[in-house]
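Chemist: Below is the sequence, then the predicted model.
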Amino acid sequence: MDLTLNESEAAFRDEVRSWLEANHPGPEPHGDEAAFAFRREWQRKMHEAGWAGISWPKEYGGRGATLIEQAIFSSEMARADVPSPANILGLVMGGPVIMAHGTEEQKERWLEPILSAEEIWCQGFSEPESGSDLASLKTKAVKVDGGWKATGQKVWTTFAHESKWCMLVARTDTEVAKHKGLTYFICDMEQEGVEIRPLVQITGESEFNEVFFQEAFIPDENLVGGEGNGWMVAITTLMNERAGLGGGAAVAVSRDLAALIEVVKERGLDQDPQIRAKIADLLIGCEALRLGGMRAMTAQMKTGIPGPEGSIGKWEWATLNQSLTELACDVLGPEGLERGTPWTYRMLRSRANSIEGGTTEVMKNIIAERVLQLPRLR
């Protein structure tokens with residue numbers, strides 16, 4: 001593909017860059033509640049200016065940006081080092097799923113509050129014994145008058161403690177193949193049948209949660225895609241998740257690498273052959289990530305949907321970011337082990353990169369089977 005921006009794309013980049021420079025929200029405050037409120041207000045501001053739903057069609061309140069414009073926007077967000085929107089799961093996964101599989105009534109009800117961050121969404125997929133193997137989940141939903149009652153447990157549920165709605169996949173049929181008996185629901189988190197327990201991470205934050213459902217009621221109108229079609233709807237969710245994770249990733253890692261190179265120079269280590277070799281590897285990795293993202297975008301432009309190629313970028317980004325932050329802490333020496341410093345936080349947070357959004361092991365399987373067309377091992 002032609003990597004040179006045309007006149008219209010260059011003008012779009014300049015528009016995004018100018019708006020971000022004029023409206024940069026400043027540094028994110030410390031503390032879970034303060035940081036989330038900060039990001040929520042930032043998303044409201046983005047929405048008012050028409051930037052929150054950059055990829056959404058105009059008829060649903062978005063900007064209708066092309067894939068290239070979406071890539072430009074993500075790159076400029078990363079370059080400006082602004083926070084991500086608070087309702088990122090709703091924007092990247094919940095909204096696109098409703099647009100693809102929801103009824104007109106569901107689109108009317110949920111899309112605008114997602115864009116404005118009025119209602120926050122979380123993703124109820126992973127379970128204690130069903131993480132990467134989503135089809136083996138045990139949470140059940142039983143039909144009752146006017147809806148369903150869900151019982152079970154989810155874990156690693158990002159922002160569940162801040163959410164109004166959960167993208168909940170539950171088993172509704174135990175008599176068919178495990179991936180065929182699933183249904184996709186939108187569950188109200190603010191009811192007595194839902195208990196949320198925050199999990200403290202190694203960084204000290206509580207971004208993730210355990211969620212317990214005890215006969216939580218879900219009305220019939222909150223079922224998306226039809227009974228028993230949850231696997232298909234969930235795959236749409238996950239493809240959008242991995243495509244969303246890739247947006248701007250190369251720019252963000254390149255930005256952090258530039259900052260690391262400055263630290264290396266300040267410490268007088270820029271002539272150390274081992275450090276130089278590791279920096280060179282990271283530079284090559286950043287460029288490979290950027291070009292791989294372009295290739296995946298080209299494939300998506302042909303099909304109209306994110307493909308399995310997104311798994312390559314997700315795997316590369318996780319490995320690259322972990323290597324970069326580990327090198328930073330090596331360069332800093334004892335200072336790199338001090339809790340509360342920026343590079344220590346980045347290193348600790350990066351440990352989750354190879355788990356969140358699909359583990360690296362699962363990404364490798366997807367790449368082997370669906371990209372390289374290798375035979376399945378089981």
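Modeler: Structure received. None of these values were measured; they are calculated from a predicted model. Residues are numbered from 1 along each chain as shown.
Chemist: Regarding this protein, what is its longest helix?
Modeler: helix 273-303 (DSSP state H).
Chemist: Same question for it: list its buried residues.
Modeler: Judged by neighbour count using 16 or more other Cβ atoms under 10 Å, the buried positions of helix 273-303 are 275, 278-279, 282, 285-286, 289-290, 292-293, 296-297, 300. Every residue, glycine included, has its C-beta placed from N, CA and C.
Chemist: Likewise for stretch 108-128?
Modeler: Applying 16+ other Cβ under 10 Å to stretch 108-128 flags 109-117, 119-127 as buried.
Chemist: With stretch 340-359 instead?
Modeler: Neighbour counts over stretch 340-359 (16+ other Cβ under 10 Å) mark 343-359 as buried.
Chemist: same check, this time on stretch 27-46
Modeler: Using 16+ other Cβ under 10 Å as the test for burial, stretch 27-46 gives 35, 36, 38, 39, 40, 42, 43, 44, 46.
Chemist: repeat for stretch 76-95
Modeler: Under 16+ other Cβ under 10 Å, the buried positions of stretch 76-95 are 76-80, 82-83, 85-95.
Chemist: List the contacts of the residue nearest to residue 285 when sequence neighbours are not counted.
Modeler: Taking Cβ to Cβ, 6 or more residues apart in numbering, and ignoring the residues beside it in sequence, residue 285 has residue 320 as its nearest neighbour in space, at 4.5 Å. Listed by Cβ atoms under 8 Å, 6 or more residues apart in numbering, the contact partners of residue 320 are 253, 282, 285, 286, 289.
Chemist: Out of the residues you listed, which two are the most distant from each other?
Modeler: 282 and 289 (10.3 Å; Cβ to Cβ).
Chemist: Residue 270 contacts residue 262, correct?
Modeler: No - contact between residue 270 and residue 262 fails when scored by Cβ atoms under 8 Å: they sit 9.8 Å apart.
Chemist: For residue 21, which residues are in contact?
Modeler: Neighbour list for residue 21: residue 80 [criterion: Cβ under 8 Å, 6+ apart].
Chemist: Is the residue nearest to residue 285 in a helix, a strand, or coil?
Modeler: helix (DSSP: H, G, I helix; E, B strand; the rest coil).
Chemist: again with residue 119
Modeler: At residue 119, secondary structure determined by three-state DSSP is coil.
Chemist: That one contacts residue 162, correct?
Modeler: No - in this structure, residue 119 is not within contact of residue 162 by Cβ under 8 Å, at 10.4 Å.
Chemist: ok now whichever strand or helix holds residue 41, how far from the chain's centre?
Modeler: Following DSSP states H and E, the helix or strand that holds residue 41 is helix 32-48. Distance of helix 32-48 from its chain centroid, counting by Cα atoms, centre = their mean, to the nearest Å, is 17 Å.
Chemist: contact partners of it?
Modeler: By Cβ under 8 Å, 6+ apart, the surrounding residues in contact with helix 32-48 are 23, 25, 28-29, 52-53, 82-87, 115-117, 120, 159, 162, 205-207.
Chemist: 7 Å instead?
Modeler: Residues from elsewhere that reach helix 32-48, judged by Cβ atoms under 7 Å, 6 or more residues apart in numbering: 23, 25, 28-29, 52, 83-87, 115-117, 162, 205-206.
Chemist: per-residue confidence averaged over that helix?
Modeler: In this model, helix 32-48 has an average pLDDT of 95.
Chemist: Next SSE downstream of that helix?
Modeler: Secondary structure here is assigned by DSSP H and E; on that basis, the next helix or strand after helix 32-48 toward the C-terminus is helix 67-80.
Chemist: between that following helix and helix 273-303, what angle do the directions make?
Modeler: With axes from the mean of the first three to the mean of the last three Cα atoms, to 10 degrees defining the directions, helix 67-80 sits at 150 degrees from helix 273-303.
Chemist: Looking at helix 67-80 now, give me its mean pLDDT.
Modeler: Averaged across helix 67-80, the pLDDT comes to 89.
Chemist: distance between that helix and the chain's centre?
Modeler: With Cα atoms, centre = their mean, you get 15 Å for helix 67-80.
Chemist: by contact count, what packs against that helix?
Modeler: The contact analysis (3 or more Cβ pairs under 7 Å, 6 or more residues apart in numbering; DSSP states H and E) places helix 67-80 against helix 7-23, helix 249-266, helix 273-303.
Chemist: So what touches that helix?
Modeler: With contact meaning Cβ under 7 Å, 6+ apart, helix 67-80 is reached by 9, 12-13, 16-17, 20, 24, 54-55, 65, 247-248, 251-252, 255, 297, 300-301.
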